[in-house]
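1. Below: sequence and its predicted model.
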Amino acid sequence: MIYVSDLDGTLLNSEGNLTEFTINEINKLIKMGVKFTIASARSIYTANKFIRELDFAIPIILRNGVFVYEPASNDVL
């Protein structure tokens, strides 16, 4: 199973940030083996601060599917 989430209006709070609770819970789930990723209209530059806070084990989707980005290797696939 894979869980894909948007950022804006979903994971981010009203101030446009990830809360410590959200960061901790998502990272716990990832460590437990949940395949979690994001799909966003954001670019790598505007999503980067969120990407750094989460321990993604699988690629993420950016620019509405135009880019698939591998955070571990810093590669666009």
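-> Good, I have the coordinates.
2. Give me the most central residue, the chain.
-> residue 38 (4.1 Å; Cα atoms, centre = their mean).
3. Would you check that that residue makes contact with residue 8?
-> No - look at residue 38 against residue 8 with Cβ atoms under 8 Å: they stay out of range, at 10.3 Å. C-betas here are computed from N, CA, C, even on glycine.
4. Mind listing what's buried along the lengthiest helix in the chain?
-> Counting residues, the longest helix in the chain under DSSP state H turns out to be helix 20-31. For helix 20-31, the buried set under the neighbour-count rule, 16 or more other Cβ atoms under 10 Å, comprises 22-23, 26, 30.
5. do the same with stretch 35-54
-> 36-40, 42, 47, 50-51, 54.
6. Ok, stretch 69-77 next?
-> Buried, per 16+ other Cβ under 10 Å, within stretch 69-77: 69, 71.
7. ok so, going back, check which helix or strand covers the residue nearest to the centre of the chain.
-> Secondary structure assignment for residue 38, by DSSP states H and E: strand 35-38.
8. Restricting to C-alpha, output that strand in CSV.
-> In CSV, the C-alpha atoms belonging to strand 35-38 read as follows (Å, rounded to 0.1, in the frame of the first residue of the first chain):
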residue,chain,number,x,y,z
LYS,A,35,5.1,3.9,1.8
PHE,A,36,4.3,7.6,2.1
THR,A,37,4.9,10.3,-0.5
ILE,A,38,3.6,13.6,-1.7
